[in-house]
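Visitor: Sequence below, structure please.
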Amino acid sequence: EFRVQVPPYTQPGTEVCFDRGDGVQIMVTVPESLQEGNAFEVTPPAMMVKVPDNGAAGMQIAFRSCSELEEAAEWFGLTLPEGCQPGKYVTAKLPHPKKKVGLKALKSQAWEWKSQAINEIKGGSLQLLRQLGVAKPTAS
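Guide: You can find the predicted model right below:
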């Protein structure tokens, strides 16, 4: 969601590092059609997520990426934004993907995200799971 300029002596297809302006460094690939001095838009990775039937602003949900390999799917967490409506879609910004090497790395990353999503659910969304009928209430 910002504009960057192709640095001097940079070829199309080359990965270059930029500061987002908040101290965070990001790596982006220079598009094939651009050359030194051209500017281009950089947008974070994002995914459209369907709001659950009983979804409301502030509710935390977990979702996963689509993948042909079940074990390669990545899990993410999202707090539903103001103005969201059940059955409609919201945009979820995703963390910058890590470099992946082989199926073992894919499985490892998917497990990491799944574990993170489960921890987030345990931390604040168990009530949501109960409302959805996924988890049974515990005796106090």
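
Visitor: Tell me how many other residues surround Gly93.
Guide: If you look again at residue 93, you'll see it is Lys, not Gly. 13 (other Cβ atoms under 10 Å). In short, each C-beta sits where N, CA and C put it, glycine included.

Visitor: likewise Val90?
Guide: That count, for Val90 with other Cβ under 10 Å as the rule, works out to 18.

Visitor: Could you list everything it pairs with in the sheet?
Guide: Val49 (DSSP bridges).

Visitor: my read: Pro81 touches Tyr89, true?
Guide: No - in this structure Pro81 lies outside contact range of Tyr89 using Cβ atoms under 8 Å: 11.5 Å.

Visitor: now the strands for the chain?
Guide: Ranges of strands in the chain, per DSSP state E, are 2-5, 15-19, 25-29, 39-42, 46-50, 60-64, 75-79, 89-93.

Visitor: Can you lay out those as a markdown table showing mean pLDDT?
Guide: Converted to a markdown table, the strands of the chain look like this (pLDDT from 0 to 100):
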| stretch | mean pLDDT |
| --- | --- |
| strand 2-5 | 85 |
| strand 15-19 | 83 |
| strand 25-29 | 81 |
| strand 39-42 | 87 |
| strand 46-50 | 85 |
| strand 60-64 | 87 |
| strand 75-79 | 86 |
| strand 89-93 | 87 |
